[in-house]
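**Q** Show me the folded form of this:
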Amino acid sequence: MRAPPEWVAVPMPSPPVTRALRCAAALVLACLLVLSPAAGAAPSIAGKRSEIVELGRQVAELDVQAGAAAAAHNRAIDRLEVARRTLLITRGELRIARRDLRRSRAVLAQRLVDLYVAGRPTFIQVLLTSGSVGEAYEASEVLDQAARGDAGVLEAVRDRGERLAVLEERQVAAEAAREREEAAARDRQATLSALLSRRRALLADARADLKRLIEEERERRSRLAALEAARRATLNSLPYASAGSAVGAVPRGSYVFPVAGPARFSDDWLAPRPGGRSHEGIDIFAAAGTPVVAVADGSLYNVGYNGLGGWRLWLRDGNGTTYYFAHLTSYAPAAREGASVSGGTVVGYVGNSGDAQGASPHLHFEIHPGGGGPVPPYPIVSGWARTG
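**A** Numbers count the residues shown, from 1 in each chain. Down below sits the predicted model:
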């Protein structure tokens, strides 16, 4: 294996070369724009944060409304408790009044019996049974006071009965009002509770979505950084490097043109292909059977047939750059899996195998710096020495 080639600056190829470079640069720029934060998840994260703020405001408002409904419910219960206590006290007073009335009625009944049997004594009778006029007046006054007391007791019982009737009516109304308020409060609380549950669930989901979006954005940025690092590494490993727009670098002496004979080719990098595919290399047209040679010292691998490339093989050079040769009509004896070859060794012959059947014989050729993705081959092979 020879030492890595020496790199020298040479003028860049003609306008098709710079057009290919501009095409590659535009492709890289488009990829970076697609992956840039401005076009990705950042607006979604901002929108999700706004959604969380709005849901938080709605939950806070519903909490206030739920508190107001609970307070109204409690006030209704307090009013009912007051009404119940008032009714309880009044019923106690009524029991006492009824007891006093029963006692007074018993006294009156006895007095009526006495008056019916003996009749009400006149003042003369009282005077004659008394020791003096004063005692007679005093006895008469006692009888009048007793009668007035009985009337007072009757009046008190009547007043308390009427008051009790009013209170009982109020109690019935209070019970009915309280039941209505309780039913309304329960409905309101149930509605608010359901709404709060939904809003809190939405808030929890929004927070989970925000967390997921932030994690996805972090991963996306990490992938973007890795892509940028890979892009820089790829550009640094290219077998040419731009210096302004007019100077490039190609290896001298160690790399040879892949077709050893008359050939023609153009810059058809990324040109459309059947099935929506894009061309990842260039097509070098030559007569069928024209020798195809290794472009550098290296080792061969994936020597064999597939449906797309037909008879194809790969070459890896000492710098890790790989080269793809496809649509061969046959292999040369040196083309064996794992074989080491020198630059210029014949490895096969131009043909149209694979998906090139029916097309003009040509070599499909790709360059993969560092074994990574393909780069435009035209500006590279244009500077390689040609034979035949």
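**Q** How far away from the center of its chain is stretch 309-327?
**A** The offset between the C-alpha centroid of stretch 309-327 and the centroid of the whole chain comes to 46 Å, using Cα atoms, centre = their mean, to the nearest Å.
**Q** ditto for stretch 257-274
**A** Here stretch 257-274 is found 50 Å from its chain centre; the criterion is Cα atoms, centre = their mean.
**Q** Kindly report the same for stretch 364-375.
**A** Stretch 364-375 has its average C-alpha position 40 Å from the chain's average C-alpha position, going by Cα atoms, centre = their mean.
**Q** Give the buried residues for that stretch.
**A** With burial defined by 16 or more other Cβ atoms under 10 Å, the residues of stretch 364-375 counted as buried are 364-369, 374-375. The C-beta positions use only the backbone N, C-alpha and C, and glycine is treated the same way.
**Q** what does stretch 272-282 give?
**A** 280-282.
**Q** Residues in contact with that stretch: which ones?
**A** Around stretch 272-282, the neighbours that count as contacts under Cβ atoms under 8 Å, 6 or more residues apart in numbering are 265-271, 324, 355, 364-367, 374, 377-378, 381.
**Q** Among these, which ones are in strands?
**A** Judged by DSSP state E, strands contain the following of the contacts of stretch 272-282: 265, 324, 364-367.
**Q** Taking these together, which two end up most distant?
**A** Farthest apart among the ones in strands among the contacts of stretch 272-282 by Cβ to Cβ are F265 and Y324. That separation is 15.1 Å.
**Q** so where is the chain shaky, pLDDT-wise?
**A** Applying pLDDT under 70 to the chain flags the ranges 1-43, 105, 108, 111-151, 153-154, 231-253, 388.
**Q** so what's the closest residue to G371 other than its chain neighbours up against?
**A** By the measure of Cβ to Cβ, 6 or more residues apart in numbering, the closest residue to G371 outside its immediate chain neighbours is T322, 5.0 Å from it. The contact partners of T322, taken as Cβ under 8 Å, 6+ apart, are 314-316, 367-368, 371.
**Q** circling back: for the ones in strands among the contacts of stretch 272-282, which one is nearest G344?
**A** Among these, and counting by Cβ to Cβ, the member closest to G344 is F365, at 15.4 Å.
**Q** Check the protein for its longest helix and report it.
**A** Ordering each helix of the chain by length in residues (DSSP state H) puts helix 133-237 first.
**Q** what packs against it?
**A** In terms of contacts (3 or more Cβ pairs under 8 Å, 6 or more residues apart in numbering; DSSP states H and E), helix 133-237 is packed against helix 15-35, helix 42-118, helix 123-129.
**Q** what angle separates the longest one from helix 133-237?
**A** Computed by axes from the mean of the first three to the mean of the last three Cα atoms, to 10 degrees, the angle separating helix 42-118 from helix 133-237 equals 170 degrees.
**Q** same for helix 42-118, what does it pack against?
**A** On a contact count with 3+ Cβ pairs under 8 Å, 6+ apart, helix 42-118 meets helix 133-237.
**Q** contacting residues around stretch 76-86?
**A** Stretch 76-86 has contacts (Cβ under 8 Å, 6+ apart) with 167, 170-171, 174-175, 177-178, 181-182, 185.
**Q** repeat that with 10 Å
**A** Taking contacts as Cβ atoms under 10 Å, 6 or more residues apart in numbering, the residues outside stretch 76-86 that touch it are 167, 170-171, 173-175, 177-182, 184-185.
**Q** I am finished for the moment; much appreciated.
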